[in-house]
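Chemist: here is a sequence with its predicted model. Questions after.
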Amino acid sequence: MAGTRATAGAGAAVLAGGTLLIFHGMIRHDLPRSLGGACLAMTALTLIALGTIRRWVTDTSDERRILAATQREAQGRKDTYLAAQANLENEQSRLSRDMAAERANLAARLKAERQAMTAEFEERRAALIAETMEATVRMIQAGKLAPAQARTGNLIPFPEQHPGRTGERERSREHGGVGP
């Protein structure tokens with residue numbers, strides 16, 4: 001940048017010198033001096049224009065400001081994204097802890113209900129057994145469940161053992177029946 005300013009300052013000095021040379025040639029009616037001054041002034045104007053164009057082309061201050069603003073905005077978005085991601089992770093871990101606690105709570109409640117149901121079942125079972133035993137005792141006392149009389153076995157009688165039955169056998173044969 002300092003080199004550009006020095007070139008612009010030198011170009012302005014050469015331009016002033018060329019302009020003075022043109023005026024000096026015009027006052028003296030000396031055409032070569034006026035033409036030399038004009039060429040010198042044109043060269044100075046060309047140098048000044050080239051320096052200005054170079055400065056305009058290589059000046060990146062606006063772009064740097066835009067880049068800095070964009071970088072700040074990108075950093076802000078990145079920070080927001082990271083904060084949202086951390087918040088999401090915290091929320092997921094909280095939900096996981098809540099679900100684990102709820103599962104433990106449900107398991108404990110289920111165990112307690114199972115024990116209560118088992119106790120209730122045992123109470124009902126004991127009550128039914130007591131009622132059944134009481135009804136059985138009443139039936140035995142009422143004689144409805146009297147023990148069965150000992151039955152003697154069914155013996156097949158032989159004809160020699162019962163002399164009076166022989167006539168029955170013969171009678172059954174006479175009528176076409178089959179006897180023992």
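Modeler: That came in fine, so what should we check first? Residues are numbered from 1 along each chain as shown.
Chemist: please count neighbours and contacts with C-alpha atoms only from this point.
Modeler: Noted.
Chemist: neighbours around the residue nearest to residue 18 when sequence neighbours are not counted, how many?
Modeler: Spatial nearest neighbour of residue 18, excluding adjacent residues (Cα to Cα, 6 or more residues apart in numbering): residue 37 at 4.1 Å. Using other Cα atoms under 10 Å, the number of residues around residue 37 comes to 24.
Chemist: what helix or strand is residue 37 located in?
Modeler: Residue 37 belongs to helix 31-58 when assigned by DSSP states H and E.
Chemist: residue 31: what's it in contact with?
Modeler: Residue 31 sits next to residue 25 when contact means Cα atoms under 8 Å, 6 or more residues apart in numbering.
Chemist: tell me the contacts of residue 102?
Modeler: With contact set as Cα under 8 Å, 6+ apart, residue 102 has no partners.
Chemist: next one: it from residue 122, what distance?
Modeler: Per Cα to Cα, to the nearest Å, residue 102 is found 30 Å from residue 122.
Chemist: for the helix holding residue 37, buried residues please.
Modeler: Neighbour counts over helix 31-58 (16 or more other Cα atoms under 10 Å) mark 33-45, 47-48, 51-52 as buried.
Chemist: from the chain's centroid, how far away is the longest helix seen in the chain?
Modeler: Ranked by residue count, the top helix of the chain under DSSP state H comes out as helix 61-142. When distances are taken as Cα atoms, centre = their mean, to the nearest Å, helix 61-142 is centred 16 Å away from the chain's centroid.
Chemist: ok, the residue nearest to residue 18 - contacts?
Modeler: Counting by Cα under 8 Å, 6+ apart, residue 37 has contacts 17, 18, 19, 20, 21, 22.
Chemist: wait, the second one touches residue 35, no?
Modeler: No - between residue 18 and residue 35 no contact is recorded; they are 9.4 Å apart, counting by Cα atoms under 8 Å.
Chemist: follow-up on the earlier one: okay, and which of the contacts of residue 37 map to helices?
Modeler: Taking DSSP H, the ones among these that sit in helices are 17, 18, 19, 20, 21, 22.
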